[in-house]
Each structure stands twice: as structure tokens, then as C-alpha cells.
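1. What follows is a predicted protein model with its sequence.
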Amino acid sequence: MERVQNPDTGEAYEVPNGYYEQYNLNRNSFTTGNLQQNPDDAFELWATPPLNGNRIY
């Protein structure tokens with residue numbers, strides 16, 4: 001699993017590995033088109049409890 005975040009709302013999502021690559025190529029087809037991957041060194045983003053990634057598919 002990997003983590004992505006909506007910078008507008010601060011919501012974090014746990015998604016399957018490889019999800020962000022596909023999302024980034026097709027972000028215009030998603031309701032939330034501004035997700036970002038959590039950088040490895042951003043502890044505060046990793047500490048945020050994730051929401052179910054199904055909310056963004």
C-alpha cells in the first residue's frame with residue numbers, strides 16, 4: 001500500500017501500490033484531480049490516519 005494526500009482538504013488515503021502512477025496519467029478522469037504522493041520525509045503526512053482509498057476511485 002502507498003499513501004496519497006489531498007492538499008486542499010488534508011485528507012490522506014491509503015491506496016494500492018502503483019495507484020498514483022496510473023492516477024497521475026489520468027487525473028482528469030477522477031473527481032479529486034489534485035492528489036499528491038506523501039514524501040518519505042513528511043512525518044506529519046504519514047501520521048495522519050488514512051481514509052479508505054475507495055473514496056477517490
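-> Yes, it's here.

2. separation between the residue of the chain positioned farthest from its centre and residue 23?
-> Within the chain, residue 41 marks the point farthest from the mean C-alpha position, 15.6 Å out by CA atoms, centre = their mean. Distance, residue 41 to residue 23, by CB to CB, to the nearest Å: 22 Å. Any C-beta I mention is one placed from the backbone N, CA and C, and that applies to glycine too.

3. Pull the residues that contact the lengthiest helix in the chain.
-> Secondary structure of the chain per DSSP state H: the longest helix is helix 19-25. With CB atoms under 8 Å, 6 or more residues apart in numbering as the test, helix 19-25 has contacts from 2, 4, 15, 30, 35, 37, 53.

4. Just the buried ones out of these, please.
-> Taking 16 or more other CB atoms under 10 Å as the criterion, what is buried in the contacts of helix 19-25 is 4, 15, 35, 37, 53.

5. List the pairing partners of the strand or helix carrying the first one within its sheet, with orientation.
-> Using DSSP states H and E, residue 4 maps to strand 2-5. Paired with strand 2-5 in the same sheet, following DSSP bridges, are strand 12-15 (antiparallel), strand 36-37 (antiparallel).

6. Assess the claim that residue 15 and residue 6 are in contact.
-> No. Judged on CB atoms under 8 Å, residue 15 makes no contact with residue 6 at a distance of 12.0 Å.

7. Now the nearest residue to residue 2 once chain neighbours are set aside: phi and psi?
-> Distances taken as CB to CB, 6 or more residues apart in numbering put residue 17 closest to residue 2, at 5.5 Å, once the chain neighbours are dropped. Note on residue 17: its backbone torsions stand at phi -50, psi 140 [degrees, to the nearest 10].

8. how much space is there between residue 17 and residue 33?
-> Between residue 17 and residue 33 the distance, using CB to CB, works out to 21 Å.
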